[in-house]
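Participant: Have a look at this prediction, sequence included:
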Amino acid sequence: MSSEDLLAKIKKLREITGVGFKDCKNAIDEASGDINKSIEILRKKGIAKANKRMGRVAAEGLIAIYEEKNKFSMIEINSETDFVAKNNDFIKFAEELSKLSIHSLGKVENLLKTKMKNNKIVEENLVSLISKIGEKITLRRSAYVGKENSTNFSYIHAPLNKNTGKLGVLLSLETNKKINEMLVFGKQLSMQIAATAPISIDKDSLDPNIINKEKEIITEELKNSGKDPKIVDKIAMGKLNKFIDENTLLNQEWIMDTKKKVKDVLKEAAGNDTIKIIEFVRFKVGEGI
């Protein structure tokens, strides 16, 4: 193979894989000039590198949201550094995944097996991106709202561009109001969820284990503080009710008017009609990692 042919193949392989000059040359030499075999060799090396990186913590990244005909999908994709989260390849990958997530209905395992524009599945492209960028990258979670007869909203806090940022919300409402009558309230309620991070819609949907654990913590804290045992239970109940109010969306103070609760504002917005919160999802990059 002439030097010109070798350079042309290295250039082509770099364009296809995004891998460096030296690695591409070594792969072409190993594959005796066969581009497809070279790609396979690099993929295998990429997988090996990716596996070595899996022990690192990836707590940076992006939230990406996509909308299609009153249906919304949202993903969290993580990287090790914020620098990589601003990389164009990383952003484009996140945006394409959020579009594909509409069809996988928020199930990560299905999304990983979905074909992308380049006709390779997400899982393969993820490995290639790890190899190219040189950091651990993980598709952490995905969500979807789009039930029939629902009115749905999305919100990105401090967006990096229209559909990506560090904190995102999906909200699904059941109402007989027209969508154009709901736009302002839907955005405001989504902003409420972004700001206050509720655990559930109301007390009935709050996990009993969370309530029991919080009650246990509050009671022990009060006992250790030297409070009169006769009033410990009463104080504990007051603190527990405050915890429930602060963590259930309908019982939270409305951030735009703290004299009101969300459930009061919901009634006002409904007027003679009905508005019911079906579900909400809040993703914040790196939360809980």
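Facilitator: Thanks, I have it. These numbers come from a predicted model, not from an experiment.

Participant: list the contacts for the spatially most central residue of the chain?
Facilitator: For the chain, E76 is the residue whose C-alpha lies nearest the centre (C-alpha atoms, centre = their mean; 2.9 Å). By C-beta atoms under 8 Å, 6 or more residues apart in numbering, the residues touching E76 are 61-63, 139-142, 283, 285. C-beta: built from backbone N, CA, C; applies to glycine.

Participant: Please list only the buried members of those.
Facilitator: Neighbour-count burial (16 or more other C-beta atoms under 10 Å) applied to the contacts of E76 gives 61-63, 139-142, 283, 285.

Participant: Which two of these have the greatest separation?
Facilitator: S142 and V285 (14.0 Å; C-beta to C-beta).

Participant: Which parts of the stretch 1-150 of the chain are helices?
Facilitator: For the stretch 1-150 of the chain, the helices defined by DSSP state H, counting those that start in this stretch occupy 3-17, 21-30, 35-53, 82-85, 88-101, 108-112, 122-133.

Participant: So for the second one, what gets flagged as buried?
Facilitator: When neighbours are counted by 16+ other C-beta under 10 Å, the buried residues of helix 21-30 are found to be 23-25, 27-28.

Participant: hmm, back to that, quick one, which of the helices of the stretch 1-150 of the chain is nearest to K147?
Facilitator: For the helices of the stretch 1-150 of the chain, distance to K147 was read as C-beta to C-beta. The smallest value, 15.9 Å, belongs to helix 88-101.

Participant: Tell me what angle the closest one forms with helix 122-133.
Facilitator: Relative orientation of helix 88-101 versus helix 122-133 (axes from the mean of the first three to the mean of the last three C-alpha atoms, to 10 degrees): 170 degrees.

Participant: Could you check helix 88-101 and say which residues are buried?
Facilitator: By 16+ other C-beta under 10 Å, the buried positions in helix 88-101 come out as 90-91, 93-101.

Participant: Tell me the one of those residues nearest E216?
Facilitator: For these, the nearest to E216 is S101 (37.9 Å; C-beta to C-beta).

Participant: Surely the closest one touches L112?
Facilitator: No - counting by C-beta atoms under 8 Å, S101 stays clear of L112, with 10.8 Å between them.

Participant: distance between the ends of stretch 169-183?
Facilitator: End-to-end span of stretch 169-183 (C-alpha to C-alpha, to the nearest Å): 15 Å.

Participant: Surely T258 is in a strand?
Facilitator: Yes - the assignment for T258 by DSSP: H, G, I helix; E, B strand; the rest coil puts it in a strand.

Participant: any idea what sits nearest K71, other than its immediate chain neighbours?
Facilitator: Nearest non-adjacent residue to K71, counting by C-beta to C-beta, 6 or more residues apart in numbering: G146, 3.2 Å away.

Participant: who touches the one you found in this structure?
Facilitator: G146 sits next to 70-72, 102, 152, 172 when contact means C-beta under 8 Å, 6+ apart.

Participant: okay, the residue nearest to I179 when sequence neighbours are not counted: pLDDT?
Facilitator: In space, I179 comes closest to T151 once its chain neighbours are excluded; the distance is 5.8 Å by C-beta to C-beta, 6+ apart. The model reports T151 with a pLDDT of 97.

Participant: Test my guess that T151 contacts M182.
Facilitator: Yes - the pair T151 / M182 is scored as a contact, 5.7 Å apart, by C-beta under 8 Å.

Participant: Quick check: neighbours shared by the two?
Facilitator: Joint contacts of T151 and M182 (C-beta under 8 Å, 6+ apart) are 173, 175.

Participant: Next, count neighbours for the closest residue to L173 other than its chain neighbours.
Facilitator: Excluding the flanking residues, the one nearest L173 by C-beta to C-beta, 6+ apart is T151, at 4.9 Å. T151 has 20 neighbouring residues, counting by other C-beta atoms under 10 Å.

Participant: Which residues are in contact with the nearest residue in space to E40 that is not next to it in sequence?
Facilitator: Once flanking residues are discounted, E40 sits nearest to A31: 7.8 Å by C-beta to C-beta, 6+ apart. Going by C-beta under 8 Å, 6+ apart, A31 touches 37-38, 40-41.
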